[in-house]
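>>> below is the sequence, then the predicted model.
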Amino acid sequence: MTRLSVNINKIATIRNSRGGNVPNVLDAAINCQSFGAQGITVHPRPDERHIKYLDVKEIRPHVYTEFNIEGNPNQKFIDLVLEVKPEQVTLVPDSHNAITSSQGWDTIKYRKHLTDLVKEFQKHGIRTSIFVDPVMEMVEGAAKTGTDRIELYTEPYATLFPTDKIKAVRPYIDTANFAKKLGMEVNAGHDLSLLNLKYLITEIPFIAEVSIGHALISEALYMGLETVVKRYLKELEE
């Protein structure tokens, strides 16, 4: 079964809008796991407008499923990952002022840089995943870095899904199968929701993990966090 990793950044965004510690991101991480989530994802950014670096350190001892830290690998991020030692690090090419992730790596242009990062993290026993667009050349470039996994950037899939789900999923099927052939596992994330998740997993049943935050936390405002986590798990199980 594809594993569900809950991205709790949006919990931190709400907290940061008022200051203080409500809602509590540590409690959110603990509760998501108790509700059945198989992982927790955080994405610290340089300006700490979502998850703060201190949050990551405080959450780590309480994640007993899988901890995934994603972000742009500047030196501060690298130091954090090596200190915290999550089960997985996902490398994302965010610009400093990005509102959210908007593209995958150019794995050809940045091949040496990514290869060096992959080797460093793997040396410390941390599984690596590289965030890529569903483009064959980028998947092949990722494989040449030695990464364990790729994460397919699924916003284009989510955008096209309501009008043409077959066309939307086609490049993801092709690139996921190519990645598998090249010896990499496949994750997926960005704009996945209860509307579009099941179809993606049905078409690509070997996806190892989906990371879902914005839609899941937004849906939880109406249905409650426990209900929503369990609904996502049901979609993945079916």
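Done, it's in.

>>> would you mind finding the longest helix in this protein?
The longest helix of the chain (DSSP state H) is helix 165-181.

>>> which SS class is Ile150?
strand (DSSP: H, G, I helix; E, B strand; the rest coil).

>>> where exactly do the strands run in the chain?
Assigned by DSSP state E, the strands in the chain fall at 3-7, 39-42, 67-71, 88-91, 127-132, 149-153, 185-189, 209-212.

>>> before we move on, back to that, ok, and what's touching the longest helix of the chain?
Helix 165-181 has contacts (C-beta atoms under 8 Å, 6 or more residues apart in numbering) with 132, 134-136, 139-140, 142-143, 150, 152, 154, 156-161, 185-186, 188, 196, 199-200, 203-204, 206-207. C-beta: built from backbone N, CA, C; applies to glycine.

>>> try stretch 68-78
Residues outside stretch 68-78 that contact it (C-beta under 8 Å, 6+ apart) are 5, 39-46, 53, 56, 80-81, 84, 86-95, 117, 120, 129, 131, 151, 209, 211.

>>> and it, what's buried?
Buried residues in stretch 68-78, defined by neighbour count with 16 or more other C-beta atoms under 10 Å: Asn68, Ile69, Glu70, Gly71, Asn72, Pro73, Phe77.

>>> next: stretch 191-210.
Judged by neighbour count using 16+ other C-beta under 10 Å, the buried positions of stretch 191-210 are 191-194, 196-197, 199-201, 203-204, 207-210.

>>> repeat for stretch 22-30
For stretch 22-30, a neighbour-count test (16+ other C-beta under 10 Å) marks Pro23, Val25, Leu26, Ala28, Ala29, Ile30 as buried.

>>> from those residues, which land in helices?
Using DSSP H, the buried residues of stretch 22-30 in helices are Val25, Leu26, Ala28, Ala29, Ile30.

>>> check the second one and give its pLDDT.
Think Leu26. Per-residue pLDDT puts Leu26 at 98.
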